[in-house]
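S.K.: Curious how this folds, go ahead:
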Amino acid sequence: MRQERTVQASIFDRFATHEIGCELKAMSQWLDEHCDLLSVVARDLCRGGIKATGRQGLPAEAVLRCAILKQYRQLSYQELAFHLEDSASFRAFARLPWSWSPQKSVLQKTISAIRSETWEQINRALLSVARQVKLEDGAVVRLDSTVTAALMHEPSDSSLLWDAVRIMARLLKRADFLVGGAGSWRDHGRAAKKRARKIQFTRS
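M.R.: Numbering: from 1, shown residues only. As a prediction, this is how the structure comes out:
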């Protein structure tokens, strides 16, 4: 059994006067103005044939707000569980039922149930408001990616030059085959490779 919204906010909920607390309060007000998004999140949480009986789970509103907190502060599920228990501002934003402190396993299970399509709908609603107040037009998107080790050499100028000559020679050979050897060009691959190796060993 899962409610869509927290029936009544606690009178003891308060946000800190710190900059982060003010941001959380503004975010909370925006979410209150877009309650229609909660029904979409609630449908995601009820997928998989979950019955409407049994123990009461986290309200859809609390799940969405916990997910936003996780992304907003770049927290792990374990860190999120700690801050929800420790921080009054986090609890006020999350609208957790009184005396509830969800564990990391519950947070992971419920937050991961929100589909990417739902997040896209939430982002579109946020961008629409940002455009109306002329705060953001969404023309530029910034992405943060995780750096991982890969089988790729350092892109130095000499190596890029050798790669360019090597690939151009390969493409010209294919083109020459297609036209029946009528093309006229010279393969400078050996000279480019020799020069790149010389630069490489000189630097090292």
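S.K.: where does the closest residue to residue 83 other than its chain neighbours sit relative to residue 79, distance-wise?
M.R.: Nearest residue to residue 83, sequence neighbours excluded (CB to CB, 6 or more residues apart in numbering): residue 90, at 4.8 Å. (C-beta placed from N, C-alpha, C; glycine too.) Separation of residue 90 from residue 79 (CB to CB, to the nearest Å): 11 Å.
S.K.: more crowded one of the two?
M.R.: residue 90 (24 against 13; other CB atoms under 10 Å).
S.K.: okay, now the domains of this protein?
M.R.: 19-132, 157-203 (automatic domain parsing).
S.K.: end to end, how far does the first one reach?
M.R.: The one in question is domain 19-132. The straight-line separation of the ends of domain 19-132 (CA to CA, to the nearest Å) is 24 Å.
S.K.: Repeat that for stretch 45-62.
M.R.: Distance between the boundary residues of stretch 45-62 (CA to CA) amounts to 12 Å.
S.K.: And stretch 178-186, by the same measure?
M.R.: 17 Å.
S.K.: likewise stretch 75-95?
M.R.: In stretch 75-95, first residue to last residue: 18 Å (CA to CA).
S.K.: do stretch 149-161 as well
M.R.: End-to-end span of stretch 149-161 (CA to CA): 23 Å.
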